[in-house]
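*Asks:* for reference, the sequence and a predicted model appear below.
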Amino acid sequence: MEQFYAGKGLFVTGGTGFIGKTLIEKLLRSTPDIDKIYVMVRPKKGRSAHDRLESDVISSPIFNRLRAERPTDFDTFVRSKLVAVGGDINSASLGMSRQDAQMLIDRVNVVVHSAASVSFNEPLDVAVEMNTLGAMYMLNFSKKIKSLAAYVHVSTAYVNSNRRNCTLMEQLYPLDFDVEAAIDAVTKASSTEDIEKLHLNLIGTYPNTYTLTKSMAEHMVTKYREHVPLVLLRPTIVGASWKEPIPGWVDQLAAAGAIFLAGGMGLLTILPGDPRSIADIVPVDFVVNAILLSACAKAKEPVGSPPLILHSGTSDPREQPLRWRVPIGTVSSYFQQNPPEKGISRPSFTMFPSHQVFQIHWFLRYTLPSSAYSTIANASGNAHHMKQASRLWKLTWRARQLVEVFKPFTENQWVFRSDGLQFLRSMPEYSSTHWYVVLCMPLVVATWHGDAVGTQLCGGRHLMQSSCAIRCCDANDVMWERYLLNYSVGLRKWLLHEDVIDVDIEGVQHTEMALSTERMLEWDPDHHAISFPGLLPDISWAFTSSRKPGYTTSGIWGRFMGLTGWKEGVHHEATYVPRVPADPLSAIHDHVLHSTGVQQVLANAMHVNPNADRAAMERQVHEMLTRMAATINYKTVRVAGWLLRKVWRQMYEKIIVDEAGLETIRKLVQARDGPLVLIPTHRSYVDFLMMTYLFFAYNIPVPHIFAGEDFLNMGPMTRVLREGGAFFVRRSFKDDPLYAAVFSEYTQYLLTKGHTVEFFLEGTRSRSGKQLPPQFGMLSTVVKCFESGRVDNIHLVPVTIDYDKPVELSVHQKELLGEGKVKESVSALLKSYHVLRQDFGSVSVRFGPPIHLNEFVGAYKASPPVDSKTHQTVSLVTDLAYTITASMIRRATCTPCHLVATILLMFRNGVTKEQLIGQTNWLRKEIVARGGRVLGSQGRTPAAMTERALTLLGNLICWRRSNLVEPAITNRDQYSNMIGLGYYRNKILHWFYKEGVIACTYHALHAATAASNASCGSASTTCSKQTLLDKALFLHDILAVEFVRKDYGDSRADLEHALSMLTQRRVLSVDSQTSTVALTDASQPTLSLLCAVLWPFIDSYWVALTSLVAMKGGERISPKALVKRMQWLAETMYHDRIIAFYESCSMETLSNAVTILTTWGVVEEGVETKGPLQHKMSVIRLTDTYRSGSALEDLAAHLASFRKLPLAGPQSMDVAALVAEFPSLSKL
């Protein structure tokens, strides 16, 4: 189709209207090679056609996306394509100048006539003049066009609405009056009374003059079309956009939008009609795509062919019709949670099928209160009450007007067959992705997120080919709850002009999986024909999930549900994926026992000790496997799913699932060309349950989950976990070759059989919120299975699970400050039950692109990576582990909680609520500009987003006075709250880390330069780019464990890229001639943020180095004791104001510092034997290089140069000077 419009001229009427503007934007964005778009605009109020085109069209926010995609040439491009034509369709000559008319006759190829009076209650003469005669004037002019390929007359599906409650086909139904005679009578009527009589005679059962006159227009243009290639396009109730140009776009208050907004404002709470009736709302981008598609199709038909009549709607049973009950619930719920600033009352909405019942409710809710208040106010004579009574009466009248206008469309139901569009969509030449995705320039795909825009490199052709299944105007692609949510957001943003954050485009990516997401925690009221199953929604959901088709015809409960009208296979049920048959445990025992690996270990043991009891060792294998193996039982999974659904509904607002990623997983499992391995991030114990719950809900076989033996102490819960897919493995088994062999063979058995396996690459939960370095044990076993040839391929899928508020946050705080870990047990679970009744916000689950092991190994062997520092080849497992980790980090999201916590840690002495809202929204934009996603912000105002975050942060914050919020640290017992806030802040660090390294380095150099300048009277604020990168490289390397990355890459290149990004964002500027770096005028907010997120970690590492000074006498200490000592020192320094950040006391960060210092050769780890039993224990000591001389102090001083010194603290960072000034440090 893009080739069809290339080089053509298109003439549009109604270009300043809702459909017209959307059409123009679509053409300019998707068909840049179009010659011209001529837009008829009526001059009015002293404004010319050109002025109105500029102000009403080109300046419209609808072009924000195109502006972002063409940042350098938008104005030039648009003005080169759009031509304003002054005119008026109420004039027989269209009110155009002779020159303009001739220009159109010579250059136009396609005409789209969408101008009309959309007011339902226009007087008949006005409606006839605009809608009927205007259409004829346009048709007559179009007959003069020399090269007319298609003429699209935008009508309405309700041209046949005089036929009530029926199915309407795409045809011209006869009228019961003579159209030309009626037009003649109306135009000759000389008085209002004559018009009223004609109105009564003609209207019949038509709901209004708009539908009547549009029907008359269709008959007239069809009769007099002659050679014109005519398309009659009939949209139903046109609503906000689904995807294009942005989700939820709407700039016209009409039809369903008026009802939704009135309901959201609290003005309208009831409506007549059956909530189960079809609400035939069609997104405006569907209508625009149908216009373009139909014009292209008509141009290919023979000359003189009959008019092409097409319905553009969503009531066809083949297109997932929307029923009124869905917007009633969805729109009301959104506005209740996000009330408009000028709302009248609490939003609520009810429909009454009985007209009499509706009238009673209207009288009780509207008429009676309004009349009573008016009577009392007038009797009292109080001016204020009389004014308010008058206002109430006007609001009541407006609400009633809305009801009367829209009542015909809620009390009646039409089904509009869309055979024409169904046929056109099935044709290969019309399935191009260009019509639903950005028309890409080679290699560059525009991405937009709210009010910030960026670009990412991508294979443009590949994107277009891989998305060819996307259809341009098919309601089956719409997830109605999300559409209505976006619609509500658009009403607030574009019509109420409230500061609402845009909907993310990823929020409308539809797959079959979307059918399940909205049912994850909530009941679907349309799933059944009668209401009984709704009484047991969770049981019904658990029973029907993960069932193969036909379950309503077997079993007692299944048959019963079938009899009650349960509709199998729709809504919350994604397509069933068959499971891999499970072997009995005895067969697994035999397989593992006789495996090569186990037999080899047994043979070695017999060789070392020929007198060993082989039978006893085989029994030991049996016991190990019995203790280890999972025994999945779907009856248990159903019960667990039922319970989790209930519990999680109390805990979580929503579970946000990456449906496109899950769809990919489902296809991989269906294909069975290799086992699937899920590798999620590990932040909470909920992670263990989440993947099983999701797979169960989406009809995918549940995974086998690697779990620690700690969970064997959970009593009955251990059995639930085992039958839910958990297999239990020791934390360490280095010295037990038999156990290692059993574990390896069991894992490889699962993979060989095609079972899905899940394990945590990090090995343990991250207590700090950051990504932990990968552990290689389980991954090595997976790779070994592939390399041994047992499987042809393995699909590794990284999974990122993010929480608004982790369940164990308070426990994490204590553990990071040295308190022992709470052991897993039934009693601990019962004690934590009260916690589960709290509000934990939402959960996000996102899937990285699958890593196909055969391809990865092939690429690795062809070009193995080399460590840039050691120049040694990086092992396959290491490279794979860090590739998976990088994918997890890329898929990470954050929520407003993380933003608010970050801002509060920047303003530790308090910040006003207004400042907090502004700063939080600024930080959101910074993250979005770096390609991040902030979940829970879309559709909310910055104030509402911040309020929600403050609610979830709970006892971590406190209010001082009425408007000042700060971290809750009024006494030392609350200092751990800083650790909690730090947890939230750490979630966003991966977007800022590298830029933060540059910022901290610049700050350090600037501070040193300022001190030097003060002594010599200079005022330079620049530094050498070379010096900046050299010094930054030190900080980047020392934090290598803290911020997980492929450390064997080119670090300097990474930093140069970070500096380049800071230059692009105008934080720093680089003089190309002198190669010096300087701050820009607008740099301070971003520079402060970048430094603030890294300074706590720099302090931790400096404390770690400082604590090692006490070991220069040759002391040896265990790693655990050393970290505890460091933690004590950090707390002491904080209290003595030597360090500024309490988060620097985190044991995880201090432990990471020990790891990197070991790697750097500052300390070394050895083994000592102690006690009469000669127990072996690990010890750490300084290496010879750092035990003597000043190397350790020099290293600490170098790191100290990056620090932020606390106010009123010591100005010298020399260790000896600190000990002298603070005697408590001498305890070291």
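*Replies:* Ah, there it is. Numbering: from 1, shown residues only.
*Asks:* what residue ranges in the stretch 951-1100 of the chain score low on pLDDT?
*Replies:* 1010-1020 (pLDDT under 70).
*Asks:* from T1158, how far out is G1113?
*Replies:* 20 Å (Cβ to Cβ, to the nearest Å). Placement of C-beta: from N, CA and C, glycine included.
*Asks:* with neighbour numbers in mind, choose between the two.
*Replies:* Between G1113 and T1158, T1158 has the larger neighbour count (other Cβ atoms under 10 Å), namely 16 against 8.
*Asks:* for the more buried one, which non-adjacent residue is spatially closest?
*Replies:* Among residues not flanking T1158 along the chain, E1165 sits closest, at 6.1 Å (Cβ to Cβ, 6 or more residues apart in numbering).
*Asks:* surely that neighbour and L1157 touch.
*Replies:* No. Contact between E1165 and L1157 fails when scored by Cβ atoms under 8 Å: they sit 10.6 Å apart.
*Asks:* which one's more surrounded, these two?
*Replies:* Each of E1165 and L1157 has its neighbours counted (other Cβ under 10 Å); L1157 has more, 24 against 12.
*Asks:* wasn't the more buried one part of a strand?
*Replies:* No. Counting by DSSP: H, G, I helix; E, B strand; the rest coil, L1157 is not found in a strand; it is helix.
*Asks:* spatially nearest residue to it, not counting backbone neighbours?
*Replies:* Nearest non-adjacent residue to L1157 (Cβ to Cβ, 6+ apart): V1163, at 5.2 Å.
*Asks:* hmm, L1182 and the one you found touching each other?
*Replies:* Yes. Taking contacts as Cβ under 8 Å, V1163 lies within contact range of L1182: 5.7 Å.
*Asks:* identify the contacts common to the two.
*Replies:* When contacts are counted by Cβ atoms under 8 Å, 6 or more residues apart in numbering, V1163 and L1182 are jointly contacted by L1108, M1111.
*Asks:* same question for stretch 41-54, mean pLDDT?
*Replies:* In this model, stretch 41-54 carries a mean pLDDT of 90.
*Asks:* show residues contacting it.
*Replies:* 15-16, 39-40, 55-56, 82, 84-88, 95.
*Asks:* let's see that with 6 Å instead.
*Replies:* V39, A84, G86, D88 (Cβ atoms under 6 Å, 6 or more residues apart in numbering).
*Asks:* buried sites along that stretch?
*Replies:* Neighbour-count burial for stretch 41-54 flags V41, R42, P43, A49, R52, L53, E54 (criterion: 16 or more other Cβ atoms under 10 Å).
*Asks:* tell me the two of those residues that are most distant?
*Replies:* Longest distance between any two of the buried residues of stretch 41-54 is 14.8 Å, between R42 and E54; criterion Cβ to Cβ.
*Asks:* skip the chain neighbours and tell me the closest residue to M136.
*Replies:* M220 (5.5 Å).
*Asks:* surely the one you found is in contact with M138?
*Replies:* No. M220 is beyond contact range of M138, at 11.1 Å (criterion: Cβ atoms under 6 Å).
*Asks:* what's the end-to-end length of stretch 334-351?
*Replies:* Separation of the first and last residues of stretch 334-351 by Cα to Cα, to the nearest Å is 18 Å.
*Asks:* nope, stretch 27-37 is what I was after
*Replies:* 9 Å.
*Asks:* quick one: contacts of that stretch?
*Replies:* So stretch 27-37 is in contact with 2, 5-10, 24, 66, 81-83, 434, 439, going by Cβ under 6 Å, 6+ apart.
*Asks:* turn the contacts of stretch 41-54 into a markdown table, including distance to H1198.
*Replies:* Below are these laid out as a markdown table (distance: Cβ to Cβ, whole Å):
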| residue | distance to H1198 |
| --- | --- |
| V39 | 66 |
| A84 | 66 |
| G86 | 72 |
| D88 | 77 |
